[in-house]
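Peer 1: Attaching a predicted model along with its sequence, questions to come.
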Amino acid sequence: MITHIVLMKFADSANRDEAKTRLETLGTQIPEIKTLHVGLDVVGSEVSYDLALTTTHDSVEDLKAYQANPDHVEFGGWLRPLLTSRVVVDYDN
């Protein structure tokens, strides 16, 4: 099982709610996603990121298929200009 974690910081935090909704929709559209959890930061400290995404996948190949999925690519095109920072980690459970 592969876990994929992404932390995102938005230039305008008003965009985080729409990003959360769009990500939750992706979770129902892409079969290579086994689980998907999206959370919005509730503390708001200067070191906090705005949104956390955690997905799980059966294999690295499934993670790569998710990342190449046209719906994911389209979402990324919408999202990237809205972010000031993003960090990612993928690990094998």
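Peer 2: Received it, and whenever you're ready, just let me know what you need.

Peer 1: From here on, just use CA atoms for contacts and neighbour counts.
Peer 2: Will do.

Peer 1: residues making contact with stretch 25-42?
Peer 2: If you take C-alpha atoms under 8 Å, 6 or more residues apart in numbering as the criterion, stretch 25-42 is touched by 16, 20, 23-24, 48-58, 62-63, 65-66, 69, 71-72.

Peer 1: Please, where are all the strands along this structure?
Peer 2: Taking DSSP state E as the test, the strands found in the chain are 2-10, 35-40, 51-57, 83-92.

Peer 1: Partner strands of the shortest one, with direction?
Peer 2: Within its sheet, strand 35-40 is paired with strand 51-57 (antiparallel), according to DSSP bridges.

Peer 1: Strand 2-10 and the partner strand, what's the angle between them?
Peer 2: Calculated by axes from the mean of the first three to the mean of the last three C-alpha atoms, to 10 degrees, strand 51-57 forms an angle of 160 degrees with strand 2-10.

Peer 1: What would strand 51-57 look like as CSV? C-alpha coordinates only.
Peer 2: This file holds the C-alpha atoms of strand 51-57, laid out as CSV (Å, rounded to 0.1, in the frame of the first residue of the first chain):
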residue,chain,number,x,y,z
LEU,A,51,-4.9,22.0,3.1
ALA,A,52,-3.7,18.4,3.6
LEU,A,53,-4.5,15.6,1.2
THR,A,54,-3.9,12.0,1.9
THR,A,55,-4.6,9.2,-0.6
THR,A,56,-3.7,5.5,-0.6
HIS,A,57,-3.0,3.3,-3.6
